[in-house]
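Enquirer: fold the stuff below for me.
(2 chains)
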Amino acid sequence: MIVTRFAPSPTGYLHVGGARTALFNWLLARKTGGKFLLRIEDTDMKRNTATAADQVLKDLKWLGIDWDEGPDIGGPNGPYKQSERRAIYDAYIAQLIDAKKAYYCFDTPEELTELRLAAEKEKRNNIYPRPDVFPSASDVEKAKAEGRPVTVRLAITQTDPIVIEDEIRGTISIEPTELSDFIIQKSDGFPTYHMAVVIDDELMGVTHIIRGQEHLMNTPNHQLLQKALGFRVPKYGHMSVTVSDSGGKLSKRERPKTLKKAIKAMADIDTDALAKAGSITAEELETFLKGKTTPDMPAVDAMAEFAGVHLPEINIVDFFRSGYLPETLVNFFALLGWNPGDGREIMNRDELIQAFDLSRVNKSNSLFDRQKLMSFNTEHLKTTLTPIETLVTHFRAYLEENDSPVAKADDASLERIIRINEGARTLEQIEQKTRFAFLADEAIEYDPKAVKKVLLKGNGLEMLKVVAEALATLKDLTPESIEALLRSLAEEKQVGLGKIAQPLRVAICGNTISPPIFDAVDMLGINAVLKRIENTLTTFQQEKD
RNA sequence: GGCCCCAUCGUCUAGAGGCCUAGGACACCGGGUUUUCAACCCGGCGACAGGGGUUCGAGUCCCCUUGGGGCUACCA
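Expert: Below is the predicted model:
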């Protein structure tokens, strides 16, 4: 049975790269009827945060990537947090030391830096100088007494090339002379990533490791470790990386970078208010704009919202907040470096699982194209692709996350809203087009451009009066009856429907963008419609005169 | 610098030596539809990085060059 895993280190939100890695492992497991494990790699005590681990789990769940064993649900090979597996690692490290396959080191960080600098200067690889005689237990005591750090390194004694049979890249061979004895236990007693990952994958029965290209050069080390410990070698597959369409790596830094650029371009922004919006001091804002410091993510997000800047989505939550569907992301990520080979692009989860094949994964890097993502979202937003109940659930979650007034609507209304907005690109667009119906009549904000073009120029206001009179006589209010009424009105007045619909639209929505006008009127209800027309007439009649 | 990986339209890609006059999708441009924004329909633009081989025949195999990426930590 194929067993795959996703092993994030909890240092922040789940990002695009991590989600893609998780997805490929998950697809492989689901396709083959195998198991998919989740393991938290929290051996770096300096970087981990407890909430980050929970957030990663939450993000995966939102994407619909589920696991068969993991920190929250347990399993036969737990615990699934590396910080809770210390005893296991210690035993294997002791085993390697006893067998003289690993040895203690007592170098200070300064000494190691010196070694590295010397190697750089001489233009050679930084290979750690292995002592001829390995330090003994008493040497360890002595070093500790002197206050020196104690670490453990693996002795690399193999002379044959290390061969990686990569499921994606084919055979890769590396000379052992390129490899340095690396640390397997840190001075704080924790194993390094290399040690922990090798032991866990063995003990948890992981058969296939699909990971990013950044791990390719770790693999010889891992294989050496497996050999030294008498473990089996799992199958490896190293995926290409995905880079951002705004240039460079798809990294967290993109959001602050974009914000900084946008703020600098705004000549007349109130910096004090901006700093306040981000809950940072004016000084902090200043150093940020000078490029010296970077505020934390919540501050960046808050300031972006204040300034009305759209930040590039990097983390999975960013896509959620921007109104993308998890179905879209899963579909899109899967196609970044893989394709079914039959030309299909828009696929749901089951189709992806059905079609997935490791041998069709590409080797070349790809660019994250947000426009294509948006087009995918448009497709997944259609009820022909995604069940309406699913769309309603996602829409409600989106509305609640963003504190939208539309969240007041019941499920039946949300369903209707989604249906009449078929063709929208994101949930955000649907929300923007619909929120007019959930605001107080007096809270409508008129778009000056729309007012000028539709109401003040020409006879927009007169038409509005006519429409109001006609609507007031309408008995049963349905989109169909409204349509019939407005159409006959247009005919009677010898004008196009637009001459009637547009003023009405601006009157009830405040701008020229709305769902189809008949639905918009119906949704709002006749009383509110008449009230808003009246408000509009009184507000702009004088302005025109 | 060293080691490793990669290379087809702007982007994601199809392509397993003759099915290639290189196909699709997104984007872009033009047109249609239309009560707005979208969506939708039709059409168009547009690529084998360069150079050597191998072969009757190369986008496909080999080599070199160039370009891009990754790694080079007591981070994962």
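Enquirer: right, is stretch A:228-241 up against RNA strand B?
Expert: Yes: using CB under 7 Å from any atom of the strand, stretch A:228-241 reaches RNA strand B at A:Ser240, A:Val241. Quick note: C-beta positions are derived from backbone N, CA and C, even for glycine.
Enquirer: would you mark the buried spots in that stretch?
Expert: Of all the residues in stretch A:228-241, those buried under the rule 16 or more other CB atoms under 10 Å are A:Ala228, A:Leu229, A:Phe231, A:Pro234, A:Tyr236, A:Gly237, A:His238, A:Met239, A:Ser240, A:Val241.
Enquirer: so how far is RNA strand B from A:Gly70?
Expert: 15 Å (CB to the nearest atom of the strand, to the nearest Å).
Enquirer: in strands, which of the buried residues of stretch A:228-241 appear?
Expert: A:Tyr236, A:Gly237, A:His238, A:Met239 (DSSP state E).
Enquirer: out of these, which is nearest to A:Ala277?
Expert: A:Met239 (38.7 Å; CB to CB).
Enquirer: what does the stretch 351-500 of chain A have sitting close to RNA strand B?
Expert: A:359-360, A:362-367, A:369, A:371-372, A:374-375, A:378-379, A:422-425, A:429, A:433, A:483, A:496-498.
Enquirer: list buried residues within those residues.
Expert: Buried among these by 16+ other CB under 10 Å: A:Met374, A:Thr378, A:Glu379, A:Ala424, A:Arg425, A:Gln429, A:Lys433, A:Glu483.
Enquirer: tell me which of those residues fall in helices.
Expert: A:Met374, A:Thr378, A:Glu379, A:Gln429, A:Lys433, A:Glu483 (DSSP state H).
Enquirer: got those as a markdown table, with distance to A:Leu289 and pLDDT columns?
Expert: Compiled in a markdown table, these are given as follows (distance: CB to CB, whole Å; pLDDT from 0 to 100):
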| residue | distance to A:Leu289 | pLDDT |
| --- | --- | --- |
| A:Met374 | 30 | 96 |
| A:Thr378 | 36 | 97 |
| A:Glu379 | 40 | 96 |
| A:Gln429 | 31 | 96 |
| A:Lys433 | 35 | 94 |
| A:Glu483 | 53 | 91 |
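Enquirer: can you pull the contacts of the residue positioned nearest the centre of chain A?
Expert: Centroid check for chain A by CA atoms, centre = their mean gives A:Ile316 as the closest residue, at 1.9 Å. Shown in contact with A:Ile316 (CB atoms under 8 Å, 6 or more residues apart in numbering): A:Tyr13, A:Leu14, A:His15, A:Val16, A:Ala19, A:Asp59, A:Trp62, A:Leu63, A:Leu329.
Enquirer: what pairs with the nearest residue to the first one once chain neighbours are set aside across the strands?
Expert: In other words, A:Tyr13. Counting by CB to CB, 6 or more residues apart in numbering, A:Tyr13 lies nearest to A:Asn315, which is 3.8 Å off, once chain neighbours are set aside. As for beta bridges, A:Asn315 partners with A:His15 under DSSP bridges.
Enquirer: from RNA strand B, how far off is A:Asn315?
Expert: 16 Å.
Enquirer: can you count the residues close to that residue?
Expert: By the criterion of other CB atoms under 10 Å, A:Asn315 has 20 neighbours.
Enquirer: verify the contact between it and A:Ala19 for me.
Expert: No: the pair A:Asn315 and A:Ala19 fails to qualify as a contact (CB atoms under 8 Å) at a distance of 9.0 Å.
Enquirer: so where does A:Asn45 fall, helix or strand?
Expert: In this structure residue A:45 is Met, not Asn. Using DSSP states H and E, A:Met45 maps to neither a helix nor a strand.
Enquirer: check contacts around it.
Expert: A:Met45 neighbours (CB under 8 Å, 6+ apart): A:Ser83, A:Asp188, A:Phe190.
Enquirer: and RNA strand B, which of those contact it?
Expert: Within these, those near RNA strand B by CB under 7 Å from any atom of the strand are A:Asp188, A:Phe190.
Enquirer: most neighbours among the contacts of A:Met45, which one is it?
Expert: Going by other CB under 10 Å, A:Phe190 tops the contacts of A:Met45 with 19 neighbours.
Enquirer: how close does that one sit to A:Arg211?
Expert: 21 Å (CB to CB, to the nearest Å).
Enquirer: and what of A:Gly278?
Expert: For A:Gly278 relative to A:Arg211 (CB to CB), the value is 35 Å.
Enquirer: compare these two (neighbour count), which wins?
Expert: Neighbour tally, A:Gly278 and A:Arg211, criterion other CB under 10 Å: the higher count belongs to A:Gly278, 24 against 20.
Enquirer: OK, contacts around A:Pro131?
Expert: A:Tyr103 are the contacts of A:Pro131 under CB under 8 Å, 6+ apart.
Enquirer: any idea of the pLDDT on it?
Expert: Per-residue pLDDT puts A:Pro131 at 94.
Enquirer: wait, a helix at it?
Expert: No: counting by DSSP: H, G, I helix; E, B strand; the rest coil, one finds A:Pro131 to be coil, located in no helix.
Enquirer: ok, back up a step: so what's the residue nearest to A:Tyr13 up against?
Expert: Contacts of A:Asn315 (CB under 8 Å, 6+ apart): A:Gly12, A:Tyr13, A:Leu14, A:His15, A:Val16, A:Asp59, A:Lys252.
Enquirer: ok, so of those, who is nearest RNA strand B?
Expert: Proximity of the contacts of A:Asn315 to RNA strand B (CB to the nearest atom of the strand) peaks at A:Gly12, which lies at 11.3 Å.
Enquirer: got the contact list for the spatially closest residue to that closest one that is not a sequence neighbour?
Expert: Leaving aside its chain neighbours, A:Gly12 sits nearest to A:Ala52 (5.5 Å; criterion: CB to CB, 6+ apart). Contacts for A:Ala52 were tallied using CB under 8 Å, 6+ apart; they are A:Pro10, A:Thr11, A:Gly12, A:Tyr13.
Enquirer: who wins on neighbours among these?
Expert: Of the contacts of A:Ala52, with other CB under 10 Å as the count, A:Pro10 tops at 24 neighbours.
Enquirer: which residues of the stretch 101-250 of chain A lie near RNA strand B?
Expert: A:107-109, A:112, A:116, A:123, A:125-126, A:149, A:151, A:169-170, A:172-175, A:178, A:183, A:186-188, A:190, A:192-194, A:197, A:213-218, A:240-241, A:243, A:245, A:248-249.
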